[in-house]
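Novice: Sequence and predicted structure, then a few things I'm wondering about:
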Amino acid sequence: MLLNFAMCSFPNLSVPETHEAKADLLSAVFASAGVKWPLHLLDEKGNRRRNVEAVRWRTGDLEVVAIYGPLDDRRAQWYPREGLMPRLRAADVPQPVRIVLPQARYVTEIGSDHQIGRTKQFTVHIRPFRPVFVVLSKRELQSPVLIVVLSKRELQSPVLTLPKEAVGPGESLRVRLHIPNAQGLHALKLRVTTPDDQPAPWFNRSVMVGPGGAEIALPLAHNEQLGSWASGRFR
């Protein structure tokens with residue numbers, strides 16, 4: 001089926017003026033191909049909840065779902081920059097989202113002491129740009145703390161190596177990063193301090209490190225401070 005519009009622009013389902021029939025059209029297209037929704041996000045009246053995103057992944061026999069809340073009923077970038085913060089503060093209130101599953105599962109919300117229990121539908125409250133994480137399981141989990149452990153892979157301490165211990169002004173320092181027994185990609189934040197133990201934010205880097213490691217270059221200015229610099233402070 002060839003559609004003469006971009007999926008990212010039509011229909012704009014987050015806008016209240018967009019008729020629900022356009023969402024029904026896309027649902028029918030997916031249904032004709034045998035695609036079924038793994039879950040439904042509804043509002044308090046049972047209608048499709050607009051401008052909300054759910055991201056799912058598996059860890060072991062558990063399924064973790066992150067539900068992202070909206071700014072408001074329209075896209076944030078539509079507003080002038082000077083009017084964004086007041087709208088953020090005005091929209092920063094909990095909003096209910098009812099989640100309907102195809103089969104009953106044991107549901108626990110991460111960061112909450114309340115275990116929802118075994119059910120096919122439940123309600124969470126979301127805030128703008130703050131994801132709510134829930135864990136779905138076929139079996140009952142004994143402790144909410146266990147969920148946090150199972151939903152994270154154990155990350156060993158990163159290792160930083162320098163091919164050259166000394167570089168001169170105007171040169172680039174090559175930095176090699178490696179995580180022992182890394183599984184997939186891991187995000188690291190690299191921070192550097194000057195010889196007088198002050199932060200050097202111009203060297204701040206966010207690096208994706210996989211099983212094969214990663215290498216980055218830190219260019220030094222011609223007027224950079226001379227002395228012994230410290231690197232390898234990760235977060």
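Specialist: Ah, there it is. Residues are numbered from 1 along each chain as shown.
Novice: For residue 54, list the residues it contacts.
Specialist: Neighbouring residues of residue 54 by Cβ atoms under 8 Å, 6 or more residues apart in numbering: 39, 41, 65, 66, 67, 68, 99. Where C-beta positions appear, they are placed from N, C-alpha and C, glycine not excepted.
Novice: Repeat that for residue 106.
Specialist: Counting by Cβ under 8 Å, 6+ apart, residue 106 makes contact with 115, 117, 118, 136, 137, 138, 139, 140, 141.
Novice: Contacts only, for the third one.
Specialist: The neighbourhood of residue 118, defined by Cβ under 8 Å, 6+ apart, consists of 104, 105, 106, 107, 140.
Novice: What is the neighbour count of residue 65?
Specialist: By other Cβ atoms under 10 Å, 21 other residues sit near residue 65.
Novice: Okay, now the sheet partners of whichever strand or helix holds it, with direction.
Specialist: Assessed by DSSP states H and E, residue 65 sits inside strand 62-68. With DSSP bridges as the test, strand 62-68 is paired with strand 53-59 (antiparallel), strand 132-137 (antiparallel).
Novice: and these, which is most packed in?
Specialist: Among the strands paired with strand 62-68, judged by mean count of other Cβ atoms under 10 Å, the one packed with the most neighbours on average is strand 132-137 (a mean of 20).
Novice: distance of residue 163 from residue 177?
Specialist: 13 Å (Cβ to Cβ, to the nearest Å).
Novice: Show me which of those two is the more surrounded one.
Specialist: The neighbour count for residue 163 versus residue 177, taken as other Cβ under 10 Å, is higher for residue 177 (21 against 10).
Novice: Contact partners for that one?
Specialist: Taking Cβ under 8 Å, 6+ apart, we find residue 177 in contact with 158, 159, 160, 188, 190, 207, 209, 213, 214, 215, 216.
Novice: Bridging across strands, which residues link to it?
Specialist: Beta-bridge partners, per DSSP bridges, of residue 177: residue 160, residue 214.
Novice: I'd like the contacts of residue 106 as a markdown table, with pLDDT appended.
Specialist: Below are the contacts of residue 106 laid out as a markdown table (pLDDT from 0 to 100):
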| residue | pLDDT |
| --- | --- |
| 115 | 70 |
| 117 | 86 |
| 118 | 89 |
| 136 | 90 |
| 137 | 88 |
| 138 | 87 |
| 139 | 83 |
| 140 | 79 |
| 141 | 69 |
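Novice: Which parts of this structure are strands?
Specialist: For the chain, applying DSSP state E gives strands covering 40-42, 53-59, 62-68, 95-109, 115-126, 132-137, 159-161, 172-178, 186-193, 205-209, 214-219, 230-234.
Novice: who touches the third one?
Specialist: Under the contact criterion Cβ under 8 Å, 6+ apart, strand 62-68 has outside partners 39, 41, 52-58, 97, 99, 105, 110, 124, 126, 129, 131-137, 147, 150-151.
Novice: what domains does the record give for this structure?
Specialist: 37-150, 159-234 (automatic domain parsing).
Novice: Distance to residue 22 added to these, as JSON lines?
Specialist: JSON lines is the format used below for the domains of the chain (distance: least, Cβ to Cβ, whole Å):
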{"stretch": "domain 37-150", "distance to residue 22": "11"}
{"stretch": "domain 159-234", "distance to residue 22": "36"}
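Novice: so where's the chain shaky on pLDDT?
Specialist: Counting by pLDDT under 70, the chain contains low-confidence residues at 7-16, 70-92, 113-114, 141-155, 230-235.
Novice: mind running it again at 90?
Specialist: 1-38, 43-54, 57-62, 64, 68-96, 108-118, 125-135, 137-214, 216-235 (pLDDT under 90).
Novice: circling back: closest to residue 222 among the contacts of residue 118?
Specialist: The closest of those to residue 222 turns out to be residue 107 (Cβ to Cβ; 58.7 Å).
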